[in-house]
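[1] please work out how this folds:
(one chain, ligands or ions: 1)
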Amino acid sequence: MTSLARSVLALTGLRKRFGATLALDGVTLSVGPGEVLAITGPSGAGKTTLCRVVAGLETPDEGSVRYGSEPMDDVAPGRRRVAFMFESYALYPHLSVRDNALSPLRAPGGGIPRERHRAIVDETLGLLEIAHLADRLPGALSGGQKQRAALARALVQQPRALLLDEPISHLDAKLRHKLRGAIRQRLMTRESPSIWSTPDGLEALSVGDRVAVIDRGRIEQIGAPEDIWLRPATMTVARLIGDPPMSVLSGELEGEGDALVFAREGLRLPLPAGLAADAARATSRRVSLGLRAGALSLAAEDAAGAARGEIYSHEPFGKHEIITFSVAGGAQIKIKTRTAARVRIGEAAGLICPPDALALFDTETGRALPASAARHTTHDTRDHARPQAAVATTGDLGR
Ligand SMILES: Nc1ncnc2c1ncn2[C@@H]1O[C@H](COP(=O)(O)OP(=O)(O)OP(=O)(O)O)[C@@H](O)[C@H]1O
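    Residues are numbered from 1 along each chain as shown. Sure, this is the predicted structure:
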């Protein structure tokens with residue numbers, strides 16, 4: 001077997017149209033050897049199409065796919081040596097779970113000595129907690145069990161690139177949380193690039209070395225999980241990522257003495273110095289303010305510096321609570337608190353917005369305002385020839 005496993009997977013200018021739908025709109029990105037790129041976006045954003053183009057199951061209208069220096073555009077799917085876990089599983093109905101997982105290893109060019117097949121498969125079934133189902137046929141499995149059988153079939157291979165399309169979406173929350181760590185550990189030991197697609201932004205942040213956020217076929221932002229979390233490049237990213245995501249309110253910039261104020265009906269917030277510097281360079285006064293739920297807090301209605309409003313709803317979730325705060329005019333802001341707050345629906349309250357809770361966007365373009373935007377990228381500029389800096393993790397990302 002020729003080993004191309006340490007190659008960079010590079011996608012350049014991919015465009016794919018289905019009738020009136022532009023499923024991929026100029027996607028350029030690369031995934032390094034051993035790297036996991038998590039791609040996240042809402043339903044219909046283009047995640048599956050991206051995976052299918054990489055696997056050769058869909059031909060792009062424009063753009064190209066390369067492994068290392070080798071263009072893949074004219075290479076048939078079966079010869080690309082890509083392991084693709086389909087969102088629809090595509091299990092062989094007449095084969096047991098074990099035989100489904102063994103099937104790619106037994107195919108010509110599988111590359112792994114035959115005597116090791118059974119041990120690799122059984123270890124992977126154990127990792128995914130389906131060893132006890134090894135002899136069952138897919139027809140006798142639940143949706144989540146089928147999903148893990150399909151995942152096992154992808155994980156046992158030694159491909160040039162591994163594509164996992166929503167690999168754990170049908171598992172219960174506890175198992176999903178447990179397995180995303182276990183699978184990520186497994187992927188880290190590989191030399192091939194991996195793409196992990198998921199509609200769950202937090203899952204993407206927890207499994208990806210880098211994360212690409214896609215919407216309507218366009219990459220909105222690509223970067224380290226921390227960047228996506230702390231510095232969303234666009235309003236779309238801000239609205240997609242987070243638990244709950246930022247509340248994004250449209251308004252206007254107004255001068256008030258030396259200060260710049262974000263103003264809309266029911267809300268006037270003086271901008272902290274850093275944000276005011278960004279805002280001063282805005283070309284339009286029409287801006288949108290992002291408020292990060294976990295950095296906001298409630299205060300008394302008349303507390304100094306608090307914005308006034310009332311409690312619209314209160315959802316206690318055990319470890320944390322989500323409070324929806326509404327201001328005059330009806331705009332709603334989500335607050336996430338750890339402490340059990342004593343709040344009553346309809347009660348007047350104040351909202352404290354520290355500087356790190358806020359992000360500012362140009363309403364027209366949807367992009368973060370200049371000074372912040374300089375730190376962002378929607379283009380993949382990583383040079384995979386250089387060693388990658390270790391990605392620091394933060395407790396907030398829940399890895
Ligand atoms: N074969 C096809 N024919 C027509 N339209 C298609 C086809 N495949 C995908 N699309 C459209 O292209 C867009 C992108 O679809 P895609 O399946 O890539 O999204 P996705 O991000 O994977 O969504 P989901 O999370 O729901 O799986 C959608 O609007 C979809 O309806």
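
[2] which residues touch the closest residue to residue 85 other than its chain neighbours?
    Spatial nearest neighbour of residue 85, excluding adjacent residues (C-beta to C-beta, 6 or more residues apart in numbering): residue 154 at 3.8 Å. Just so you know, the C-beta spots here come from the backbone N, C-alpha and C atoms, and that holds for glycine as well. Counting by C-beta atoms under 8 Å, 6 or more residues apart in numbering, residue 154 touches 83-85, 162-164, 167.

[3] please enumerate the helices of the stretch 151-300 of the chain.
    Taking DSSP state H, counting those that start in this stretch as the criterion, the stretch 151-300 of the chain carries its helices at 173-188, 201-207, 225-230, 235-240, 273-280.

[4] okay if I get these as TSV plus distance to the ligand?
    What follows is the helices of the stretch 151-300 of the chain, written out as TSV (distance: least, C-beta to the nearest ligand atom, whole Å):
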stretch	distance to the ligand
helix 173-188	16
helix 201-207	12
helix 225-230	17
helix 235-240	12
helix 273-280	31
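
[5] turn the ones you listed into TSV, columns for mean neighbour count.
    Below are the helices of the stretch 151-300 of the chain laid out as TSV (neighbours: other C-beta atoms under 10 Å):
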stretch	mean neighbour count
helix 173-188	15
helix 201-207	23
helix 225-230	21
helix 235-240	24
helix 273-280	16
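
[6] highest neighbour count among the contacts of residue 154?
    residue 167 (28 neighbours; other C-beta atoms under 10 Å).

[7] OK, now which residue of the stretch 51-200 of the chain is nearest to the ligand?
    residue 199 (4.9 Å; C-beta to the nearest ligand atom).

[8] test my guess that that residue contacts residue 39.
    No: taking contacts as C-beta atoms under 8 Å, residue 199 lies outside contact range of residue 39: 10.1 Å.

[9] these two: which is more packed in?
    The neighbour comparison of residue 199 against residue 39 (other C-beta under 10 Å) goes to residue 39, with 27 against 16.

[10] how far does stretch 81-96 stretch from start to finish?
    Start-to-end span of stretch 81-96 (C-alpha to C-alpha, to the nearest Å) is 23 Å.

[11] give me the buried positions along it.
    Across stretch 81-96, burial judged by 16 or more other C-beta atoms under 10 Å covers 81-87, 89, 91, 95-96.

[12] any idea of the mean pLDDT for that stretch?
    Here stretch 81-96 scores 91 as its mean pLDDT.

[13] can you list the residues that contact that stretch?
    Here stretch 81-96 makes contact (C-beta under 8 Å, 6+ apart) with 4, 48, 51, 54-57, 99-100, 103-104, 109, 134-139, 146-147, 149-151, 153-155, 157, 159-167, 169.

[14] return the residues of the stretch 101-250 of the chain in contact with the ligand.
    residue 199 (C-beta under 6 Å from any ligand atom).

[15] so where do the strands sit in the stretch 101-250 of the chain?
    161-165, 194-198, 210-215, 218-223, 247-256 (DSSP state E, counting those that start in this stretch).

[16] how far off strand 161-165 does the second one point, in degrees?
    Between the axes of strand 194-198 and strand 161-165, defined by axes from the mean of the first three to the mean of the last three C-alpha atoms, to 10 degrees, the angle is 10 degrees.

[17] elements contacting the helix or strand hosting residue 48?
    Using DSSP states H and E, residue 48 sits within helix 47-55. If contacts are counted by 3 or more C-beta pairs under 8 Å, 6 or more residues apart in numbering; DSSP states H and E, helix 47-55 sits against strand 9-18, strand 21-31, strand 36-40, strand 82-85, strand 161-165, strand 194-198.

[18] and of those strands, who's closest to residue 238?
    Residue 238 lies closest to strand 36-40 among the helices and strands packed on helix 47-55, at 13.5 Å (C-beta to C-beta).

[19] how far off centre is the closest one?
    Mean C-alpha position of strand 36-40 versus that of the full chain (C-alpha atoms, centre = their mean, to the nearest Å) differs by 6 Å.

[20] same thing with stretch 267-287?
    Distance of stretch 267-287 from its chain centroid, counting by C-alpha atoms, centre = their mean, is 28 Å.
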